[in-house]
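Engineer: I would like to see how this sequence folds:
(chains A, B, C and D)
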Number of protein chains: 2
Amino acid sequence: MSSFTTGELEVMKILWEHRELKPSQIQAKYSRRIKNAALRFQLKILLEKGHVARRRIGRAYYYKALTARQGAFKRMARRMARVYCQGSAAGLIAELIKTEKLTPDEIQQLRQLAEAKSSEKTLKKKGGKKT
Amino acid sequence: MSSFTTGELEVMKILWEHRELKPSQIQAKYSRRIKNAALRFQLKILLEKGHVARRRIGRAYYYKALTARQGAFKRMARRMARVYCQGSAAGLIAELIKTEKLTPDEIQQLRQLAEAKSSEKTLKKKGGKKT
DNA sequence: CGGCAACTGTAGTATTTTCTACATATCAGT
DNA sequence: ACTGATATGTAGAAAATACTACAGTTGCCG
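Structural biologist: Okay, the predicted model is just below:
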């Protein structure tokens, strides 16, 4: 319902990464060989569901994403958290840290990111309510 | 191919959380109302694909997961990283930290987890080769 | 203008997923 | 052995997904 199929997601990924493309350009960036008409059929479905919009330029339709990347990202994250981590986002992140291979540099950056987030939280707590 | 459909994933989730169940028990834990025969059909597909096994106890079949939770978790993580973060697991974790709501406590725990992981890395570097 | 190349439009099909309905089998207790 | 509750077996069908083939349209360039 609110989650993309494999094919839909592949198209959305490409449209998120490039502002506006016509079918043949999407086709060229597709992860595997796909016939032009098959791709256009997926675009048609995405259009009907309201996930993309198109406008004609010259003789071709150019497609762009309407559904935001971030919203889809959060839905997929929630889904993954629900299935694997009792719905906990923190649990999901923890399991990813435990199971994914990360270089020392990457771990360091994640630590800094968490620290930044926690001080941001502190600031909000102090300055959030009008004094 | 190697990724579960929505329905399959829901069943696997339940089987991962409980060792071995018969259809009516899975049905009771299912996230929404589902008819017994519909559920059994999903089990049949999972059985054919080799994701679950069953054995008869009394007059009922009891099902258990064959495909490991962790493998499925990693596949889904990779898929998500591929679509949203150029395939980078660290990028995925970073984006989750940035966009998900986390309590100060959770952030603190994640920091500790990252620290633990980085010292574990250090230990492996020092002690990995047989002395 | 004539013709090629690039795109679109549409119809039809195969496969997968999901669900429903109903018939059959088994066990427990009386 | 009869009955009710619990399970299984199977046939069929609706809907979504994914693909193929081909005809029609548009714009450009010689």
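Engineer: Output the below-cut-off pLDDT ranges for chain A.
Structural biologist: Applying pLDDT under 70 to chain A flags residues A:1, A:121-122, A:124-131.
Engineer: Do the longest helix that it contains and chain B come into contact?
Structural biologist: Looking across chain A with DSSP state H, the single longest helix is helix A:104-127. Yes. Interface with chain B: helix A:104-127 contributes A:104, A:106-111, A:113-115, A:117-118, A:121-122 (CB under 8 Å from any CB of the partner chain). Heads up, the C-betas are built off the backbone N, CA and C, glycines and all.
Engineer: tell me which parts of chain A are close to DNA strand C?
Structural biologist: Residues of chain A lying near DNA strand C by CB under 7 Å from any atom of the strand: A:22-24, A:36-37, A:40-41, A:44, A:59-61.
Engineer: among the residues you listed, which are in strands?
Structural biologist: Per DSSP state E, strands hold the following members of the residues of chain A next to DNA strand C: A:60-61.
Engineer: quick one on the thing from earlier: does the longest helix of chain A pack against any helices or strands, and if so which?
Structural biologist: Other elements packing on helix A:104-127 under the criterion 3 or more CB pairs under 8 Å, 6 or more residues apart in numbering or on different chains; DSSP states H and E are helix B:89-99, helix B:104-127.
Engineer: mind putting these in JSON lines, mean neighbour count included?
Structural biologist: Below are the helices and strands packed on helix A:104-127 laid out as JSON lines (neighbours: other CB atoms under 10 Å in any protein chain shown):
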{"stretch": "helix B:89-99", "mean neighbour count": "19"}
{"stretch": "helix B:104-127", "mean neighbour count": "15"}
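Engineer: about what we covered before: can you select the buried ones among the residues of chain A next to DNA strand C for me in PyMOL?
Structural biologist: In PyMOL, a selection of the buried entries from the residues of chain A next to DNA strand C looks like this (16 or more other CB atoms under 10 Å in any protein chain shown):
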select buried, chain A and resi 22+23+40+61
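Engineer: Just the ones in helices from the residues of chain A next to DNA strand C, please.
Structural biologist: Per DSSP H, the residues of chain A next to DNA strand C map to helices at A:23-24, A:36-37, A:40-41, A:44.
Engineer: now those residues in TSV, with distance to B:Val83?
Structural biologist: Output for those, formatted as TSV (distance: CB to CB, whole Å):
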residue	distance to B:Val83
A:Pro23	20
A:Ser24	22
A:Asn36	23
A:Ala37	24
A:Arg40	21
A:Phe41	20
A:Lys44	21
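Engineer: Please go through those and note which also touch DNA strand D.
Structural biologist: Applying CB under 7 Å from any atom of the strand to these, those adjacent to DNA strand D are A:37, A:41.
Engineer: didn't A:Gly50 look like it was pressed against A:Leu66?
Structural biologist: Yes. With contacts counted by CB atoms under 8 Å, A:Gly50 reaches A:Leu66, the gap being 6.3 Å.
Engineer: Give me the more crowded residue out of the two.
Structural biologist: Comparing A:Gly50 with A:Leu66 by other CB atoms under 10 Å in any protein chain shown, the one with more neighbours is A:Leu66, at 14 against 9.
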